[in-house]
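Peer 1: here's my sequence, what's the structure:
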Amino acid sequence: MLEEITISRAIIDSYWKKLGKILEVDVAICGAGPSGLVCATTLAKKKRKVVIFEKKLSIGGGMWAGGMFFNEIVVQASGKKILEEYKVRLRKYKKEYYLADAIECVCSLGYHAVKSGVIIINGVSVEDVVIRKNRICGVVINWSAVELTNLDVDPLAVRAKFVVDATGHSSDVVRIVEEKSGLKLNTEIGKRVGERSMWADLAESMVEKNTQEVVPGLVVAGMCVNAVFGSPRMGPIFGGMLLSGKKAAEIILSKIK
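Peer 2: Below you'll find the predicted structure:
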């Protein structure tokens with residue numbers, strides 16, 4: 001016979017253990033879009049302890065909807081190689097363009113992340129960072145519902161050797177660091193430059209090129225990169241997102257002890 005309290009206890013006990021595992025990690029990734037998922041999986045495969053905080057209930061960022069709810073995505077040849085690693089089926093379309101089903105992409109990226117050991121905590125927002133001696137060394141989290149309802153509820157802190165801002169156009173974590181830490185960003189003006197209007201070819205190259213550590217302990221990935229460094233948006237082509245996530249992981253792996 002099903003017993004409601006036993007079901008509730010199972011959920012609470014299991015989630016409590018999960019939270020206990022992520023209070024101290026190697027890398028805390030903010031945002032479970034394509035760049036965040038690829039970054040996390042790449043790190044986890046190298047035996048790093050990784051958590052992703054996603055403020056929405058669903059992972060995948062803007063990948064679910066493709067372009068204007070047409071749930072097909074486009075990648076170029078360089079991005080195709082990453083999707084092949086995640087067993088996503090691809091169809092060639094003119095020269096270097098490849099099409100993939102958006103739903104399959106998100107599900108495959110999420111599946112491989114979890115199977116690699118990544119812990120994904122959804123419904124949780126990063127509202128601040130932890131800072132010591134001019135270095136970002138953790139994040140401050142709260143329920144997304146608290147943020148949405150503007151309730152006065154104190155957050156909790158998570159310690160991390162590195163933090164990745166993969167929050168997309170809004171660049172939430174970088175914005176917090178810029179406004180509150182007093183640290184200068186590694187950009188031409190020392191702060192966020194702001195995203196430019198669409199230019200797909202330039203944006204795709206710049207998102208990978210500018211993926212880097214913007215202040216000690218904080219790496220930017222995905223569309224957040226272009227928002228921080230003043231590059232254009234690229235629209236519904238996702239190769240740059242995937243490549244940026246992988247590069248962010250490689251940067252961290254080269255630095256983390």
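
Peer 1: quick one, helices of this protein?
Peer 2: Applying DSSP state H to the chain gives helices spanning 4-21, 34-45, 77-85, 102-115, 144-149, 172-180, 200-209, 223-229, 239-255.

Peer 1: off-centre distance for stretch 227-243?
Peer 2: 13 Å (Cα atoms, centre = their mean, to the nearest Å).

Peer 1: how long is it from one end to the other?
Peer 2: With Cα to Cα, to the nearest Å as the measure, the ends of stretch 227-243 fall 17 Å from one another.

Peer 1: same question for stretch 112-119.
Peer 2: For stretch 112-119, the first-to-last residue distance is 11 Å (Cα to Cα).

Peer 1: pLDDT averaged over that stretch - what is it?
Peer 2: On average, the pLDDT along stretch 112-119 is 98.

Peer 1: can you check stretch 38-51 too?
Peer 2: For stretch 38-51, mean pLDDT is 98.

Peer 1: stretch 54-63 too?
Peer 2: For stretch 54-63, mean pLDDT rounds to 96.

Peer 1: and that stretch, C-alpha only, in CSV?
Peer 2: The C-alpha trace of stretch 54-63 is given here as CSV (Å, rounded to 0.1, in the frame of the first residue of the first chain):
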residue,chain,number,x,y,z
GLU,A,54,19.6,26.6,-12.7
LYS,A,55,17.0,29.2,-11.7
LYS,A,56,14.3,27.7,-14.0
LEU,A,57,12.8,24.3,-13.5
SER,A,58,14.0,23.2,-16.9
ILE,A,59,17.6,22.9,-18.2
GLY,A,60,18.7,23.8,-21.7
GLY,A,61,18.4,27.5,-21.8
GLY,A,62,17.3,28.8,-25.2
MET,A,63,18.1,25.6,-27.0
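
Peer 1: in a markdown table, list the helices of the chain along with mean neighbour count and distance to V126.
Peer 2: Yep, even glycine has a C-beta here, placed from its N, CA and C like the rest. Formatted as a markdown table, those follow (neighbours: other Cβ atoms under 10 Å; distance: least, Cβ to Cβ, whole Å):
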| stretch | mean neighbour count | distance to V126 |
| --- | --- | --- |
| helix 4-21 | 10 | 15 |
| helix 34-45 | 29 | 12 |
| helix 77-85 | 17 | 25 |
| helix 102-115 | 20 | 18 |
| helix 144-149 | 14 | 10 |
| helix 172-180 | 20 | 6 |
| helix 200-209 | 19 | 21 |
| helix 223-229 | 28 | 12 |
| helix 239-255 | 23 | 16 |
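
Peer 1: looking at the ones you listed, which is nearest to R132?
Peer 2: Nearest of the helices of the chain to R132, taken as Cβ to Cβ: helix 172-180 at 13.4 Å.

Peer 1: which residues are contacting stretch 15-31?
Peer 2: The contact list for stretch 15-31, computed with Cβ atoms under 8 Å, 6 or more residues apart in numbering, reads 36, 39-40, 43, 48-55, 61, 119, 121, 126, 138-139, 158-168, 172-173, 222, 224, 252, 256.

Peer 1: in contact with E204, which residues?
Peer 2: Contacts of E204 (Cβ under 8 Å, 6+ apart): Q76, M234, I237, G239, G240.

Peer 1: inside strands: which ones of the contacts of stretch 15-31?
Peer 2: 50-54, 119, 121, 126, 138-139, 158-165 (DSSP state E).
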